[in-house]
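S.K.: Quick one, fold the following:
(chains A and B)
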Amino acid sequence: MSMNLFNFELVSPDKVLVSEPAWQVVIPGEEGYFGVRAGHMSLIAAVRPGVVEVFMKEGDAPKKIFIAGGFADVTATNCTLLAEQAVNVSDLDAVQIEQDIANINEDLKTASDMTEKTILHKKLQLASIKLLAAKAA
Amino acid sequence: MPSLKDYRNRIASVKSTRKITSAMKMVAASKLKKAQDKAEASQPYAKAMAGMMARVAKNVIVTNASPKLLAGTGREDTHLLIVVTSDRGLAGGFNGNLVRLARQEIRRLVSEGKTVKVVTVGRKARDLLKRDQNDKIVHSFTNLGGGKSLAFSDADEVTQFVLAQFEAGEFDVATLIYNKFVSVLTQKPSVQQIIPFKAEEPSANDNKKKEEPKEELSSPYSFEPNEEEMLALLLPKNLGVQVFRALLDSAAGEQAARMTAMDNATRNAGDMIKKLTIQYNRARQAYITKELIEIISGAEAV
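M.R.: Numbers count the residues shown, from 1 in each chain, chains lettered A, B, ... in the order given. The predicted structure follows:
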């Protein structure tokens, strides 16, 4: 591996989604976007739901991946991103997500106990961020 | 004495049962392979999560102000038991043993004067516990994964429910009761406390300790946000990982138990066919002999 690349891994609870050398990765951190390149200081960061941009080589167009939040574990030679859900932005279907949001709202109307409502609210929040990402693509 | 036809019918019926059990064994074997692969595929995430938890926890001192998932509510009055079984039966003692352990736990906690609430995962847990503990069951999850293999989002349903209940102050301590997958032949019904968070047994951490000195050499970690907030974010996720792992273990164990049970059943059916065949042959021979004697004595009489 050449000097200016590092190992980027995107891991979901089900499997390893991406494991490849990258030149730069831009991550939507809880406290703002941050870029990771080889030689980055060691960092553990919380990640918001949003879009991760993976640049394989300098000057390349980034690969965009939507993640439902998670954590990043960064060292000088590695960047491991833990995410519970990850989808290529190009695979997001805005119409489908809008339908999902409508369904959740429908469920919210009939939901009675607090537990159910909290869970639905969380789902709704995530779906709206996903929708934004899909529309921006 | 049964007639020859009775014997033939019985042999035929045991043979068809053997066909079914042997087919179920094959199906369970292939599903077991899939379930084990699944459990393996979940390892990288669980490992990375455990590593992060360890690094963050090292930098945090537990106080009363710490997240409740770590420090607890300060009480131990209400216990939530999450009982994990399979949806389907015919898996030997897989579900029975687990539910027996769950009943033991319930009795123990009740005798200590605690309030017990039960969440069941899997149809069997619900059906078996409904008989005598119906008043304690607060929620039942059945058919997680919809017949397909279990995804993280399925486990997350359980996790989110438990978290929401915890935030609502519905319980103080949460415990998972599930079948741990030890090997294809052994599944161990286990009790694991998940809220408040308890670091894993030292034996499981042995490897990590050896690696630690190496880590110290690399630059020290910084946290964003700070350690305390990080911990508050990590804890619920870590809970999800633990629930997911328990469900995967249980899913793999179910198939392994079914495979063993069906293997035994197939073998027993084979033994039974052998025994019945001998009996059938004897009966047939007795019948032939009887007929011969009748013919001979008839001939002699002439």
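S.K.: So which residues lie in contact with stretch B:271-278, not counting its own?
M.R.: The contact list for stretch B:271-278 (CB atoms under 8 Å, 6 or more residues apart in numbering or on different chains) reads B:Tyr7, B:Arg10, B:Ile11, B:Val14, B:Lys15, B:Arg18. Backbone N, C-alpha and C define where each C-beta goes, glycine included.
S.K.: what about 6 Å?
M.R.: B:Arg10, B:Ile11, B:Val14 (CB atoms under 6 Å, 6 or more residues apart in numbering or on different chains).
S.K.: what comes up buried for the host helix or strand of the last one?
M.R.: Applying DSSP states H and E as the criterion places B:Val14 in helix B:4-41. Taking 16 or more other CB atoms under 10 Å in any protein chain shown as the neighbour-count basis, helix B:4-41 is seen to contain the buried residues B:7, B:10-11, B:14, B:17-18, B:21-22, B:24-25, B:28-29, B:31-32, B:35-36, B:38-39.
S.K.: Any regions of the stretch 151-300 of chain B where pLDDT drops low?
M.R.: The stretch 151-300 of chain B contains residues with pLDDT under 70 at B:199-219.
S.K.: Going along the chain, name the strands of it.
M.R.: B:173-181, B:187-195, B:222-224 (DSSP state E, counting those that start in this stretch).
S.K.: Kindly report the same for chain A.
M.R.: Using DSSP state E, the strands of chain A run over residues A:6-11, A:16-22, A:24-29, A:32-36, A:43-55, A:63-74, A:78-83, A:86-88.
S.K.: Which one of these lies nearest to B:Glu228?
M.R.: Closest to B:Glu228 of these, according to CB to CB: strand A:43-55, at 12.0 Å.
S.K.: Identify the residue nearest the residue of the stretch 201-302 of chain B found nearest chain A in space, chain neighbours excluded?
M.R.: Relative to chain A, the nearest point of the stretch 201-302 of chain B is B:Glu224 (4.2 Å; CB to the nearest CB). Sequence neighbours aside, A:Ala45 is the residue nearest to B:Glu224 in space, at 4.2 Å (criterion: CB to CB, 6 or more residues apart in numbering or on different chains).
S.K.: can you give me the helices in chain B?
M.R.: B:4-41, B:43-58, B:68-71, B:94-111, B:123-133, B:152-167, B:202-217, B:227-301 (DSSP state H).
S.K.: and chain A, which of the buried residues of helix B:4-41 contact it?
M.R.: Counting by CB under 6 Å from any CB of the partner chain, the subset of these that neighbours chain A is empty.
S.K.: Can you report how many residues neighbour residue 50?
M.R.: Picked chain A for this. 18 (other CB atoms under 10 Å in any protein chain shown).
S.K.: was after chain B, sorry
M.R.: Counted with other CB under 10 Å, residues neighbouring B:Ala50 total 18.
S.K.: so what's it up against?
M.R.: If you count contacts by CB under 6 Å, 6+ apart, B:Ala50 has none.
S.K.: Return the per-residue confidence for it.
M.R.: B:Ala50 carries a pLDDT value of 84.
S.K.: cool, and B:Arg8?
M.R.: Note on B:Arg8: pLDDT of 94.
S.K.: cool, and A:Ala137?
M.R.: In this prediction, A:Ala137 carries a pLDDT score of 67.
S.K.: follow-up on the earlier one: looks like the residue nearest to B:Glu224 contacts A:Gly29 (just checking).
M.R.: Yes: assessed by CB atoms under 6 Å, A:Ala45 is found in contact with A:Gly29 at 4.9 Å.
S.K.: How about the residues of the stretch 151-300 of chain B by chain A?
M.R.: Residues of the stretch 151-300 of chain B lying close to chain A (CB under 6 Å from any CB) are B:152, B:160, B:164-165, B:168, B:219, B:221-225, B:233, B:244.
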